[in-house]
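Engineer: Predicted model, plus sequence, below.
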Amino acid sequence: MPAAEGPLVVGVDSSTQSTKALVVDVATGAVVASGQAPHTVTSGAGRESDPEEWYGALRSALAQCGDAARRAAAVSVGGQQHGLVTLDARGRPVRPALLWNDVRSAPQARRLVAELGGPEEWAERFGSVPGASFTVAKWAWLAEHEPDAVRATAAVRLPHDYLTGRLAGGPGTTDRGDASGTGWWASRTESYDEEVLGRVGLDPALLPRVVAPGETAGAVPGNDPELPLPEGVLVAAGTGDNAAAALGLGLLPGTPVLSLGTSGTVYAVSRHRPADPSGVVAGFADARGDWLPLACTLNCTLAVDRIAALLGLDREAVEPGGTATLLPYLDGERTPDLPNASGVLTGLRHDTTGGQVLQAAYDGAVHALLGALDHVLDADADPTEPLLLIGGGARGSAWQQTVRRLSGRAVRVPRARELVALGAAAQAAGLLTGEDPAAVARRWGTTEGPVLEAVERDEAALERISGVREGAGRLLEGA
Ligand SMILES: Nc1ncnc2c1ncn2[C@@H]1O[C@H](COP(=O)(O)OP(=O)(O)O)[C@@H](O)[C@H]1O
Ligand SMILES: O=C(CO)[C@@H](O)[C@H](O)COP(=O)(O)O
C-alpha cells in the first residue's frame with residue numbers, strides 16, 4: 001500500500017453482511033490500509049443482528065489496518081439504514097437489532113400510514129411513505145410483540161448511531177441522513193415528530209441529538225484498550241450507508257447511482273425535498289444539507305447468488321435468450337411493496353438452459369431497480385449522464401452487462417471499491433480540514449473508472465418482466 005502524505009482518517013462501512021474499515025490519506029485519497037470482518041444475520045422469519053458483534057467487527061477490521069489506524073486523526077461511520085437498536089440504562093443492547101430487511105413489521109407500517117393521514121400526508125410531512133424497513137414500524141412491532149423489551153429500553157439508536165456512540169462515548173448522536181430513514185424525523189421541519197412518536201409510545205428523550213453536517217460527534221476517550229484508535233481521535237457525525245456512498249462519490253445533483261449490495265438501491269442527490277406518495281421513492285436527507293431520493297430492493301446480490309447456487313452454476317455462467325422470467329423475491333420485497341412475496345419462475349421450455357434461468361434472475365433484480373430510476377431523478381437530469389455502478393455486485397461482469405442492457409444508458413464503474421467507507425473517510429477528512437466532504441471525494445477522484453458505452457435498451461425483456469409481475473397478482477401477496 002502507498003506511503004501517506006497527509007494526515008490519515010478512518011472511514012467505516014458497517015453494512016448488513018460485514019464491517020469494512022479503510023485508512024485513507026487526506027491529501028491524496030490513497031487507501032493506505034484496510035480491514036473487514038463479517039456479521040451474523042439471522043435467517044427465517046426475521047432478520048436480526050447483534051450490535052455488540054458489529055462493534056467487535058469494527059475493532060477487528062481496525063486491527064487489520066495495523067499501525068495506520070493508530071495514526072489516524074479522525075474517524076467516521078457509515079451504517080446500514082433503518083435498523084432498530086434498543087439499549088438499556090447501561091448502554092447494552094436489550095435484544096438483537098431488527099434490520100432494514102426484516103419484513104415482519106409490514107402490518108405495523110400499513111397501520112401507521114392509515115392512522116396518520118394516509119400516503120399523501122406521510123410523503124408531504126416525512127418525505128417517505130414508511131414500509132416495513134422504517135424504524136418506526138420496527139418499534140411498533142416490538143411494542144406489540146415484546147413489550148418487556150420496550151419497557152427495558154432507555155435509548156433508541158440506528159446502527160451508525162450505536163457505533164458512533166461506542167467510539168465517542170457521551171449521550172449519543174445521529175445525523176439528518178440516517179434520521180430521515182426512521183419515519184419519526186419529519187423532513188418538512190427537519191426535526192423529530194412528536195405526534196408519530198406519541199402514536200407509537202416512544203419518548204423523544206430516548207432518541208439521540210441530530211448533529212448538523214460538519215459538526216463533530218465527539219472524540220475517542222481512550223477507555224477501550226481493544227479499540228486500535230488513539231485517544232482523542234475526532235469522531236465525525238457519520239450517516240446511513242447510502243448517504244455515505246453519495247459523499248464518497250462526491251455526487252452532484254442529476255447523476256444516478258445504482259448500488260448492488262445486500263440491498264439494491266438507486267438514488268441521486270437533489271436540491272428539492274422529495275415527497276412521493278406512491279411510496280416507491282424514499283425521500284431521504286443526505287449528509288450535507290441536500291436530499292437523497294432513493295428506491296431500495298430487498299433482493300439483490302444475495303438472491304441472485306442463491307439462484308446460481310440452486311442451479312449449481314458460477315454467478316457469471318449466464319446465457320442469453322429464452323423466455324424464462326424470474327422475480328427474485330426470496331426475502332419478500334420492498335420495491336415493489338410486496339413484503340410477503342416469494343420468488344416466481346415462469347416461461348420455462350424444454351430448451352431453457354440453467355444459464356438462461358440465471359440471467360433471468362439478474363434481469364428480475366435489475367428490472368425492479370431501473371423501474372424506479374426515473375422517479376428518483378429530477379426532470380432536469382441529463383439522460384446521457386452515465387449511471388454510476390457501485391457495491392459488491394458492480395465487480396461482476398454479469399451484473400454490469402445486465403444493467404447496461406436493461407437501462408440503455410452508459411455505465412461507469414468506479415475503480416474505488418468501498419464507496420461507503422470512502423464517503424465516511426471523506427466526512428472525517430472534512431471535519432479535519434473544514435472542506436465539504438463531497439468536494440474532498442471529488443478531489444480524490446473516486447468515480448474514476450471505465451465507462452461501458454450505452455447499448456440499445458432491451459425493451460422486450462423489460463416488458464416481459466413487467467407483464468409477469470402484473471399477471472402474478474395474488475400469487476405475490478400471499479405468505
Ligand atoms: N466479483 C464479484 N462479482 C459479483 N458479485 C460480487 C463480487 N464480489 C462480491 N459480490 C457480491 O457483493 C455482495 C456484497 O456486496 P456489498 O456491497 O459488499 O454488501 P453490503 O451491502 O452488505 O455492503 C455479495 O453478496 C456478493 O454477492
Ligand atoms: O434499507 C436500505 C436503504 O433504505 C438499505 O440500503 C440498507 O441501508 C442496507 O444496505 P446494505 O447493507 O445493502 O449496504
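Structural biologist: Happy to help now that I have it. Ligands and ions are numbered 1, 2, ... in the order given.
Engineer: And the closest residue to Val94 other than its chain neighbours, which helix or strand is it part of?
Structural biologist: Leaving aside its chain neighbours, Val94 sits nearest to Thr86 (4.3 Å; criterion: C-beta to C-beta, 6 or more residues apart in numbering). C-beta: built from backbone N, CA, C; applies to glycine. Using DSSP states H and E, Thr86 maps to strand 85-87.
Engineer: Quick check: mean pLDDT of that strand?
Structural biologist: For strand 85-87, mean pLDDT is 98.
Engineer: does ligand 2 sit close to the following helix or strand past that strand?
Structural biologist: On the C-terminal side of strand 85-87, the nearest following helix or strand under DSSP H and E is strand 97-98. No - using C-beta under 6 Å from any ligand atom, strand 97-98 stays clear of ligand 2, coming no nearer than 12.2 Å.
Engineer: next SSE after strand 97-98?
Structural biologist: Next along from strand 97-98, by DSSP H and E: helix 106-115.
Engineer: Quick one: check the following helix or strand past that following helix for contact with ligand 2.
Structural biologist: Per DSSP H and E, the first helix or strand lying C-terminal to helix 106-115 is helix 118-126. No - interface with ligand 2: helix 118-126 contributes nothing (C-beta under 6 Å from any ligand atom), its closest point being 13.7 Å away.
Engineer: List the buried residues in the next helix or strand after helix 118-126.
Structural biologist: The element immediately downstream of helix 118-126 (helix or strand, assigned by DSSP H and E) is helix 135-145. Neighbour counts using 16 or more other C-beta atoms under 10 Å place 135-143 of helix 135-145 among the buried residues.
Engineer: Return the set of residues that bridge with Trp185.
Structural biologist: Beta-bridge partners for Trp185, by DSSP bridges, are Tyr192.
Engineer: Residues of this structure that sit close to ligand 2?
Structural biologist: With C-beta under 6 Å from any ligand atom as the criterion, the chain meets ligand 2 at residues 15-16, 80-82, 100, 133, 181, 240-242, 261-263, 265, 282, 296.
Engineer: how about a markdown table for the buried residues of helix 135-145, with pLDDT added?
Structural biologist: Converted to a markdown table, the buried residues of helix 135-145 look like this (pLDDT from 0 to 100):
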| residue | pLDDT |
| --- | --- |
| Thr135 | 98 |
| Val136 | 98 |
| Ala137 | 98 |
| Lys138 | 98 |
| Trp139 | 98 |
| Ala140 | 98 |
| Trp141 | 98 |
| Leu142 | 98 |
| Ala143 | 98 |
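Engineer: Got the domain ranges for the protein?
Structural biologist: Here the domain parsing of the chain from the TED database is 8-237, 243-414+449-477.
Engineer: Next, the distance between the ends of the last one.
Structural biologist: The one in question is domain 243-414+449-477. This stretch, domain 243-414+449-477, spans 31 Å end to end (C-alpha to C-alpha, to the nearest Å).
Engineer: Now the helix or strand hosting Arg59 - C-alpha only, PDB.
Structural biologist: For Arg59, the host element (DSSP H and E) is helix 51-64. The C-alpha trace of helix 51-64 is given here as PDB (Å, rounded to 0.1, in the frame of the first residue of the first chain):
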ATOM      1  CA  PRO A  51     -24.900  -4.700  17.700                       C
ATOM      2  CA  GLU A  52     -22.100  -5.900  20.100                       C
ATOM      3  CA  GLU A  53     -20.900  -8.100  17.200                       C
ATOM      4  CA  TRP A  54     -20.800  -5.100  14.900                       C
ATOM      5  CA  TYR A  55     -18.500  -3.300  17.400                       C
ATOM      6  CA  GLY A  56     -16.400  -6.500  17.600                       C
ATOM      7  CA  ALA A  57     -16.200  -6.500  13.800                       C
ATOM      8  CA  LEU A  58     -15.200  -2.800  13.900                       C
ATOM      9  CA  ARG A  59     -12.400  -3.500  16.300                       C
ATOM     10  CA  SER A  60     -11.300  -6.400  14.200                       C
ATOM     11  CA  ALA A  61     -11.400  -4.500  10.900                       C
ATOM     12  CA  LEU A  62      -9.400  -1.700  12.500                       C
ATOM     13  CA  ALA A  63      -6.800  -4.200  13.900                       C
ATOM     14  CA  GLN A  64      -6.300  -5.500  10.400                       C
END
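Engineer: pLDDT (mean, whole number) over it?
Structural biologist: Here the average pLDDT along helix 51-64 is 98.
Engineer: which other residues reach it?
Structural biologist: 10, 12, 14, 18-21, 33-40, 69, 77, 85, 92-93, 96-97, 159, 162-163, 166, 226-229 (C-beta atoms under 8 Å, 6 or more residues apart in numbering).
Engineer: Among the buried residues of helix 135-145, which one sits closest to ligand 2?
Structural biologist: Thr135 (10.3 Å; C-beta to the nearest ligand atom).
Engineer: Using neighbour counts, pick out the buried residues of the helix or strand that the helix holding Arg59 is followed by.
Structural biologist: On the C-terminal side of helix 51-64, the closest following helix or strand by DSSP H and E is helix 67-70. Judged by neighbour count (16+ other C-beta under 10 Å), helix 67-70 contains these buried residues: 68-69.
Engineer: what's helix 67-70 packed up against?
Structural biologist: strand 18-25, strand 31-38 (3 or more C-beta pairs under 8 Å, 6 or more residues apart in numbering; DSSP states H and E).
Engineer: One more pass at 7 Å, please.
Structural biologist: Packing partners of helix 67-70 (3 or more C-beta pairs under 7 Å, 6 or more residues apart in numbering; DSSP states H and E): strand 31-38.
Engineer: Adjacent strands (with direction) for the strand it packs on?
Structural biologist: Strand 31-38 has these strand partners (DSSP bridges): strand 18-25 (antiparallel).
Engineer: which of the residues in the partner strand are buried?
Structural biologist: By neighbour count on 16+ other C-beta under 10 Å, the buried set for strand 18-25 is 18-25.
Engineer: Equivalent analysis for stretch 437-451, please.
Structural biologist: Result for stretch 437-451 [16+ other C-beta under 10 Å]: buried residues 437-438, 440-444, 446-447, 449.
Engineer: I would like the residues contacting it, please.
Structural biologist: 29, 247-251, 288, 386, 388, 410, 412-416, 419, 422-423, 426-427, 429-430 (C-beta atoms under 7 Å, 6 or more residues apart in numbering).
Engineer: centre of the chain versus that stretch, how much separation?
Structural biologist: 20 Å (C-alpha atoms, centre = their mean, to the nearest Å).
Engineer: Just want the residue of the stretch 151-300 of the chain that's nearest ligand 1.
Structural biologist: For the stretch 151-300 of the chain, C-beta to the nearest ligand atom, closest residue to ligand 1: Gly261, 2.4 Å.
Engineer: Disregarding residues adjacent in the polypeptide, which is nearest to Gly312?
Structural biologist: In space, Gly312 is closest to Gly354, 7.5 Å off (C-beta to C-beta, 6+ apart).
Engineer: do Leu234 as well
Structural biologist: Closest residue in space to Leu234, ignoring its immediate chain neighbours: Ala74 at 4.1 Å, by C-beta to C-beta, 6+ apart.
Engineer: Please consider this matter closed, and thank you.
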